[in-house]
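Engineer: Need coordinates for the below:
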Amino acid sequence: MVLVKTQAGQDALKDRHGSLSSRQRSAFILFDGKRTTGEILAATAAMGITQDDVQAMIAQGLLEPMAGKSATGVTAAGKPVLLTSLADATDLGTVATAGEGSGRSPKERYQAAYPIATELTAGLGLRGFRLNLAVEGAGSFDDLAALAPKIREAVGDAKFERLDKALFD
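Structural biologist: Residues are numbered from 1 along each chain as shown. Have a look, this model is predicted:
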């Protein structure tokens, strides 16, 4: 999803006394209408910028989806979907539950997905360091499923497909 600064966002950037922390400010500058949210999160991962920071900037009215372009998202199956509202646009990943799919238990899904998630995030190098630590700290299917949207954003849909199948098939 491509986000741009709102007028309130521009004012907060100029003001320097707004609600933006210094690290959020660094990421906020990158929202220029050319880069996707995933690209910006990947570029600022080393600073600790997460999807939660982006959600906070959207909630504060500092960022909005780019006008004139349809906002699109991706379902857990990796299929693009047209987003119909700002609420949809801020949901960057719909994650299936353990009960859907092949009938494997959450424990079996976790055991299959954990090595894949670790491999994907370790392959990101320093920019994925925090995400890799979060994956290594995930002790259950639910923990790993909660990290799935962040992993998808960091590695892209093509690489994420293996993990998606292991978690949610």
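
Engineer: Going by C-alpha atoms from here, please, whenever you check contacts or count neighbours.
Structural biologist: Will do.

Engineer: Could you tell me how many residues sit around residue 6?
Structural biologist: Using other CA atoms under 10 Å, residue 6 is surrounded by 16 other residues.

Engineer: same question but for residue 52, I mixed them up
Structural biologist: Applying other CA under 10 Å, we find 9 residues neighbouring residue 52.

Engineer: State the helix or strand in which it lies.
Structural biologist: In this structure, residue 52 sits in helix 51-59 according to DSSP states H and E.

Engineer: For the chain, just list every one of the helices.
Structural biologist: Assigned by DSSP state H, the helices in the chain fall at 7-15, 22-30, 37-44, 51-59, 86-90, 106-122, 129-137, 141-155, 157-168.

Engineer: I'd like to know how far the spatially most central residue of the chain sits from residue 55.
Structural biologist: Centroid-nearest residue in the chain: residue 150, 3.8 Å away (criterion: CA atoms, centre = their mean). Relative to residue 55, residue 150 is positioned 13 Å away (CA to CA, to the nearest Å).

Engineer: any residues touching stretch 5-22, and which ones?
Structural biologist: With contacts defined as CA atoms under 8 Å, 6 or more residues apart in numbering, stretch 5-22 is touched by 25, 28, 31, 32, 61, 62, 63, 64.

Engineer: residues touching the first one, list them.
Structural biologist: Residues in contact with residue 25, defined by CA under 8 Å, 6+ apart, are residue 13.

Engineer: Report the contact partners of residue 107.
Structural biologist: Counting by CA under 8 Å, 6+ apart, residue 107 touches 140, 141.
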